[in-house]
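Asker: Fold the following, please.
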Amino acid sequence: MNHSEFWFHNCSKQYLDSISPELHPELIEIISQLPKRLTQAELNKDLFCNLTSKGWSFDCLPAEIDQVPISNPEINPMSIAALKKTNHRSLCITSSTIEAKWHSDFAKLYGNKLVQIEAQFGKVESMFKDFCGFRIAWYERRLALGIEIVLCDPSKYFSHRKSSISGMAYFEIAKRTLPAIGLDCPICLIGIK
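Answerer: The predicted model follows:
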């Protein structure tokens, strides 16, 4: 079963492979292990657990989490205290020169190549801030790749609560928007089905 859809802006799967041959398969595995959830908060928590179990650093903890991971029973849980000790939050900083005080949700170094992830299960407007953060980090020559994770079809995924997801970012709007706004940085768009 295909759990995700990928689209590449100013990059390709081969570009991801040049960062690390493990990057693309790791992303597929992380997304494929996400169980279907009823709320964005639960989805965010599962994504957090899947990413941190693969060594991704994070900006902040999801609410009400006491150990990780929760969504992959094959991996031993790690206490939040232990996770905080190994976290390199500084990798999530969007800008080191213009004092924007923004952070990506997740980040990881592959050798000396920085990859940042934004998970956007909120409004379309917030997705533009994510893109702007990627562009700033690219401008500063710190970022090798920005990854934006959205839902493919929020009204289908959250069909039980359609009224509360109005204006939510989704795969097709991100895919259509990226070429229109003229960003020159490499962005991998991932849609969760």
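
Asker: List the contacts of the helix ranked longest in the chain.
Answerer: Longest among the helix segments of the chain by residue count, using DSSP state H, is helix 124-139. The set of residues external to helix 124-139 that reach it, using Cβ atoms under 8 Å, 6 or more residues apart in numbering, is 94-95, 98, 100, 102, 104, 114, 116, 118, 120, 143, 146, 148, 150, 167-170, 173-174, 177-178, 181, 183-187. In this view, the C-beta of every residue, glycine as well, is placed from N, C-alpha and C.

Asker: Can you dump the C-alpha atoms of that helix in CSV for me?
Answerer: Below are the C-alpha coordinates for helix 124-139, written out as CSV (Å, rounded to 0.1, in the frame of the first residue of the first chain):
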residue,chain,number,x,y,z
VAL,A,124,-2.1,27.0,4.1
GLU,A,125,-0.6,30.4,5.3
SER,A,126,1.7,28.5,7.7
MET,A,127,3.0,26.5,4.8
PHE,A,128,4.3,29.7,3.2
LYS,A,129,6.3,30.5,6.4
ASP,A,130,7.8,27.0,6.2
PHE,A,131,8.9,27.7,2.6
CYS,A,132,10.3,31.0,3.6
GLY,A,133,12.3,29.4,6.4
PHE,A,134,13.8,26.9,3.9
ARG,A,135,14.7,29.7,1.5
ILE,A,136,16.4,31.7,4.3
ALA,A,137,18.5,28.6,5.4
TRP,A,138,19.3,28.0,1.7
TYR,A,139,20.4,31.6,1.3
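
Asker: Give me the longest strand you can find in the chain.
Answerer: strand 143-151 (DSSP state E).

Asker: avg pLDDT for that one?
Answerer: Mean pLDDT, taken over the full extent of strand 143-151, equals 97.

Asker: One more: stretch 47-62?
Answerer: Predicted confidence along stretch 47-62 averages 92 (mean pLDDT).

Asker: List the contacts of residue 142.
Answerer: Residues touching residue 142, when contacts are defined by Cβ under 8 Å, 6+ apart, comprise 96, 114.

Asker: The one 4 residues further on too?
Answerer: Residues counted as contacts of residue 146 (Cβ under 8 Å, 6+ apart) are 104, 115-118, 130-131, 133-134, 137-138, 185-188.

Asker: Spatially nearest residue to it, not counting backbone neighbours?
Answerer: Closest residue in space to residue 146, ignoring its immediate chain neighbours: residue 134 at 3.1 Å, by Cβ to Cβ, 6 or more residues apart in numbering.

Asker: Pull up the gap between that neighbour and residue 166, please.
Answerer: Look at residue 134 and residue 166: by Cβ to Cβ, to the nearest Å, they are 26 Å apart.
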